[in-house]
Every structure is written in C-alpha cells, then in structure tokens.
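Colleague: Sharing a sequence plus its predicted fold:
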Amino acid sequence: MSAGSDNMPLAVAALRGKPLLLRHLPYFLGAAIVVALAATVSFDGYILNILMQATTFAIAVFGLSVVLGLCGQINLAQAAFFGFGAYAVGIGTTDFQLSYWLCLAAGCGIALLAGAVLGASTLRLGGHYLAMVTISFQQIVTLVMINAIWLTHGPDGVGRIGRPALFQSSQAYLAFCVAMLALVGYFVWHLPDTRLGRAMRAVRDNELAAGVAGIDVFRTKVYAFALSAVLGGLAGGLFAGGFSYISPDQFSFAESIVFLTMSLLGGGASPIGSAIGTALLILIPEWLRFLKSVPGLYLAIYGLSVILIIRFMPDGIWGFVNAATQRWRAKAKLHAAGPPLQLSPAHVGGDIVLQVTGLAKYFGGLKAVDNVDIAVKRGGVHALIGPNGSGKTTTLNVLSGLYRATAGEVLLDGTDVTTMPPHLRAAAGLGRTFQNIRLFRSMTALENVVIGAERPGNTLIGNGGDAALHQRAMSALAFVGLGARANELISSFSYGHQRLIEIARALAANPTLLLLDEPAAGLNSSEKLELHELLKRIAAQGLTILIIDHDMTLVSEAAQHITVLNFGRRIADGESMAVLRHPDVVSAYLGSE
Ligand code: ADP
Ligand code: MG
C-alpha cells in the first residue's frame, strides 16, 4: 500500500480558478445561439406549439430529475405543482390584472411552499407511503381546480392569459422559454457537484451511510422535494403564458405520470436525460399520428416502445450512454492529492474520548445490549469483541445514532450525544465504517470520500471550497493506497478495496473517534495484513479507534484495551493481555466444557 500520490499527474485544471460563468462560456454561447434561432426562424403554428410544450415540460421534468434522479424520492404530483404555476399566471393576469412577472414569481412561491410543506410532513415516511401521499395530494389539487369554480373557473378553464409586454408574440415568448430552459438546465447540470447535490446523491445511494457521514438526510430530502416543486411551478407558469388557455385536465394525475415517464425514459439525474425523455414523449405521439386511422394501434406502439426502452435501459437512455462511456471517463485526469493525509483529531474533553455508561438496547424482549459501560482512552486502539450475536454491532449502531438507546448515556469528548441524530454525531466528531460495507454505489471512489471530507465540523477543510475538498479526499485515498484509482466507480473495486474506500471516507472527515465494525471480515490473509498495517499508521497519528473484530491476533496486537461482550452484557474489560486470559472470555470463545 504505497502512497499513490507520487505518480499522479498534477493536472489541476488551470481553469479551476476562473469564475464559473467564464468557464462555461461555451455553454452560454451555445444557449444564446439556440435562443436566437428560436426567436428568428419562422415556424408554423403547429411546430411552435410542440416546441413550446416541449420547452416548458422539460423544465418540469428537470424538477423530477432532481427529486427522483438525484435524491431518489418519488414525486407523483409534479403536474399539481405545474398547475400551481399555471393557475397563478392564468388567474393572476386575467381576473386580477396583475403583472405577468409577479404572477410567475407567485406561482413559483406557492409551488415551493406546497412542496416544502408536503415534503416536510411526509418525507420521514418511506417510498410507498410517499408515493401514496403524493398521489393523494395530486388528486386533492385536481378536485380543487375542478370544483373551486369561483377561483379557478372550474372545468371551463382560464383563457386569454397574459404575457409580459416584452414577449408578446408567440415566437418571442418561445425564445424566452428556451432561455429559461437553458438557465434551469445549467443549474440542474451543476447541482450534482455542489454540496447539496452530493448530499442528495448520497441519500439516494445509502441513507444510513449518508447520515453517518454527517448529512442531514431529512433536510436534504425536503430541499430536493421543494426544488422539484418550484421547477414544476416555474414550468407551469411559462406553459400558461405560452398557450394562453389552461384547464384542469392538463394538470391531472395522468400528466404527473407523463412527467414521470419522461424522466425515467430519458434517464434519472441528468438534465440531458430529462430533455431526451421529454422530447421523445412529445414527439413520438406526433410521429405516430398517421397511424390514427387504426384505432388503438398508435397507443399500443407507443406503450410498447416505452416498455422496451425501460426494460432494456433501466437507467434511461442517457444512463445507458453514460454507462457506455464510463470506462473512458475513469481515465479522466485525476485531481492532485494534497499533502500526505493529516489526521488531527479534535481534543476537547479529558483523557477519555468516549464514555458509555449503562448502555442498553432492547428489541422487544431481546436484550441485545444490556447495561454496558465502555471508556475509550484518547489516542489508543480499543477493541470490542465477543461471539456472534453478542451485541457488538448493535452497540456501534446505538453509538452512532442509528438506533435510539433504551437506556444509558453516551459522552463523546465531553458532549452528551445520547439523543442526537447520526449527522449531528458525525459533526461532533464521530466516524464509522459498517460491517456490511455501505458505500455510495453510483459514485466514484473519490466522490465517496469527498462526502466524508465534507463533514460539518471538519476543521481541516474550513471553507477551502471544492479544491480543498478534493485534495483532502485524494490524500485519504492515497493513504489507503487507492489514489491512482480515484475516478473508478465503486463496482470496479474488490471487496477488500471497497473496505479501504470506506475507511478512507471516514478518515477524510478527520474524526475524533473512529468506529470500525469488523473491518477484516471477508478479507483474505494478505489483505488482512495490509489492513493491520493501515490501522497502525492511523493509530500512529493519534486517532482514537474503537474496533470490533473477530481476529484475535489482530486484536491482541493492535489494541491496548479490550471490552468483551457476551449475550449483550459486558463480561470483561481491561488491558488486552489480561482480558484475553480471563476465564470467562476463554469459555465464551471456546465453550465452557
Ligand atoms: P454482533 O455484532 O455482536 O454479532 P449484533 O449486535 O448484530 O451482534 O446482534 C445482537 C443481537 O441483536 C442478535 O441476537 C441479533 O439478532 C439482534 N438484533 C440485531 N439487530 C436487530 C434488529 N434491528 N432487530 C431485532 N434484533 C436485532
Ligand atoms: Mg456484528
């Protein structure tokens, strides 16, 4: 495991320093040309309508790409949010004679608010519940659109909707919508590489690991949901101005399904995928129009092609293209590593980093952890051992906040963390790995480790921005010997290397205390030796480690202090050699006969 940083091209793009807008000049030039084309090429009314629909729909689908593609949360009410924007512009510019801009802003605001409230009240529920709640919400909104006639004009809909003075002609308005699409597309394209976007991807890939890495899972989901809603609202507002007539059937559950299909078809998280899906689902029906003489045939072909694409390209069309080019992108230039990994754990409390008293965790009648005391000394390696099922993992899960303690108290560096959620414990300096590896599987090794480095409270990053984050992550990967493979996806690493990446992710966060749950499990003997050597290098930097392991040689050599559990109870505790000779420990491991 040599540090891989030496042979790494020092190719931090010179462009990195430039302001974002300048760096993406080609994109904006391209967008400007498309907008100019939209404004000047003369389309017939039919084409113009299709373009207007595709442009506004695509913005709503971008919203889905954020909530579903990036964050993995289902939203079956995008047409309702689309409707909020459309009705705000529709009713506002006609019945209330308000300015178009004010109405558009109000529509976005209403959608944002509704999305945030709906998200905040339901996102603690899992997938199926969320799907059901969003469907109900969609149905309620549809009912209101149809029945609150005094406000929405009911099934008759709203006509003669206004446009801004600047974009009175359909052509000018289309150009305006295309410009908005380009702006939103730029934003959605770059979202995955922002702190929020990374958090969303982490939540989608593995909620538990995300929380333990310091991400506020719930808040991230609510943000994704609200963002999706506001894009839906914006799209609806633009749509209303474009067609100058709206009615409730345009914002029904069926339309939500259309948006969803567009997103799935084009492919998840990327705005390019969303644009492809939107364009196809708007164009295919138009292309197949000539088949309308045979009733039903058109729908059959349409449905079949959607099924085929989703069956054979589960990540959508763009996901398919992306996967095909992944190999090539893995060879992309590596980020430069920072200085050799520095671990400078915080030092706030006294000699004891972790003080656990009377800890208990019951699952119904099963006392998985029962009145356990542990005191982990600063700067040492402390092992937690015990036969299978003795409560070691459960103890770690309670310590990191994945389970709520039935009783007891946990002090981390003097702070009472007993009732804190995982992400706050991470912020307080707790890092961990999992017995069954939990990595963010759609991301590269580097991206996984960046999320670790980004832990709130990681003083080694400060507000150094992206460059500092990447450097820190590269240093951590180099430290575990995988620096040269930073850009590869998780799936291309062996099991042993995945463990190392998980450790690198935890180290990059510069924790005060590192919890390792059976890091040697599933490794072959040479990998175990490497792991052992790695642990020594970590401990040599003064990082405090609480390690669970089965491997007695590893434990007896690495740890100065051992706590032994059996049937959830602590049966021995103390200096390593003494504990391993303790008669209760011997009989727990070898049987008492
Ligand atoms: P170890 O890591 O020491 O092998 P665990 O902490 O995983 O043991 O498990 C301790 C006991 O708690 C076992 O009997 C296990 O079946 C039980 N247990 C662990 N997690 C749960 C859970 N989520 N629900 C119910 N029982 C659990
Ligand atoms: Mg275990």
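Modeller: Happy to help now that I have it. Residues are numbered from 1 along each chain as shown. Ligands and ions are numbered 1, 2, ... in the order given.

Colleague: what's the distance between Ala426 and Leu399?
Modeller: For Ala426, the distance to Leu399 equals 12 Å [CB to CB, to the nearest Å]. To be clear about C-beta, it is placed using only N, CA and C from the backbone, and glycine gets the same treatment.

Colleague: quick one, which of the two is more surrounded?
Modeller: The neighbour comparison of Ala426 against Leu399 (other CB atoms under 10 Å) goes to Ala426, with 29 against 26.

Colleague: and that one, what element?
Modeller: Assigned by DSSP states H and E, Ala426 belongs to helix 422-427.

Colleague: Not counting its own residues, what contacts that helix?
Modeller: Residues outside helix 422-427 that contact it (CB atoms under 8 Å, 6 or more residues apart in numbering): 208, 211-217, 400-402, 412, 417, 455-457, 509, 511.

Colleague: Pop the domain breakdown of this protein in here.
Modeller: What the TED database lists as the domains of the chain is 30-253, 341-429+511-592, 440-510.

Colleague: immediately after the helix holding Ala426, which helix or strand?
Modeller: Helix 422-427 is succeeded, C-terminally, by strand 430-432 (DSSP H and E).

Colleague: And the next helix or strand after that following strand, what does it pack against?
Modeller: Remark: after strand 430-432, the chain's next helix or strand is helix 445-453, criterion DSSP H and E. Applying 3 or more CB pairs under 8 Å, 6 or more residues apart in numbering; DSSP states H and E, one finds that helix 445-453 contacts helix 195-205, helix 465-479, helix 495-508.

Colleague: Hey, what's the angle from helix 445-453 to helix 495-508? Just curious.
Modeller: For helix 445-453 against helix 495-508, the angle by axes from the mean of the first three to the mean of the last three CA atoms, to 10 degrees is 30 degrees.

Colleague: For helix 445-453, list every residue counted as buried.
Modeller: By 16 or more other CB atoms under 10 Å, the buried positions in helix 445-453 come out as Ala445, Leu446, Glu447, Asn448, Val449, Val450, Ile451, Gly452, Ala453.

Colleague: Show me which of these is closest to Ile47.
Modeller: Glu447 (41.2 Å; CB to CB).

Colleague: ok so, going back, now the buried members of the contacts of helix 422-427.
Modeller: With burial judged by 16+ other CB under 10 Å, the buried subset of these is 211-217, 400-402, 412, 417, 455, 457, 509, 511.

Colleague: Which two of these have the greatest separation?
Modeller: By the measure CB to CB, Val217 and Leu412 form the most distant pair in the buried ones among the contacts of helix 422-427, at 20.0 Å.

Colleague: residues in the stretch 201-350 of the chain within reach of ligand 2, list them.
Modeller: Within the stretch 201-350 of the chain, not a single residue sits near ligand 2 (CB under 5 Å from the ion).

Colleague: So, low pLDDT: which residues of the stretch 201-350 of the chain?
Modeller: When residues are selected by pLDDT under 70, those of the stretch 201-350 of the chain lie in 268, 292, 327, 329-332.

Colleague: mind checking the SS state of the residue nearest to Thr395 when sequence neighbours are not counted?
Modeller: Nearest-residue entry for Thr395: Val369, 5.3 Å, with adjacent residues in sequence omitted and distances by CB to CB, 6 or more residues apart in numbering. With DSSP: H, G, I helix; E, B strand; the rest coil as the basis, Val369 sits in strand.
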